[in-house]
Each structure stands twice: as structure tokens, then as C-alpha cells.
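Peer 1: Predicted model and sequence below, questions to follow.
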Amino acid sequence: MALKVEHEMHARRKGRNVGVGLLLAGLIAIVFGLTVVKVLELGDARKFENFDHVARPQIIPDEGSEAASE
């Protein structure tokens, strides 16, 4: 004898929860995929830094220092 019988309403809620979970997983997969493509397309980390952020002077090679050392 079953101690607790699942009501039909709980089965519907479970189905909705599974659907929402799949939608969230799909959204996360899309964002992750776009991030991977963006990183692989740019290749060099310095290009990634300069792509949509303010460039830090520390990562930009100084052309004047190379000429001065020669």
C-alpha cells in the first residue's frame, strides 16, 4: 500500500519544471557557445582585452623601447 499518492497537479508541475530547466540549460549553452566562439576567433589574449574593454597600457608593446635598446 502506497503511503503517499502523487496528485495529478504535481505531475503537471513536474512537467513544467522540467521544461523550464531545459530552457535554462539551453540558454546557458548558447551563452557558453558564443563565449567560446568569441575567444577562439580572437585567438590572442591581448586582442580579447582590447576588443570590448579599455586597453591597459601594460599589455600594449612599447615600440619606442625596442628602438632605444638597439
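Peer 2: Nice, I can see it.

Peer 1: average pLDDT for the lengthiest helix in the chain?
Peer 2: If each helix of the chain is counted by residues according to DSSP state H, the longest one is helix 8-42. Averaged across helix 8-42, pLDDT comes to 90.

Peer 1: which helices and strands sit right next to it?
Peer 2: Packed against helix 8-42, as judged by 3 or more Cβ pairs under 8 Å, 6 or more residues apart in numbering; DSSP states H and E, are the following elements: helix 45-52. For every residue, glycine as well, the C-beta is placed using N, CA and C.

Peer 1: quick check: mean pLDDT across the helix it packs on?
Peer 2: Over the span of helix 45-52, the pLDDT mean works out to 62.

Peer 1: now A25: how far from G19?
Peer 2: In this structure, A25 and G19 are 11 Å apart, going by Cβ to Cβ, to the nearest Å.

Peer 1: what do you get for L27?
Peer 2: 13 Å.

Peer 1: what do those two both touch?
Peer 2: Shared between the contact lists of L27 and G19 (criterion: Cβ atoms under 8 Å, 6 or more residues apart in numbering) there are no residues.
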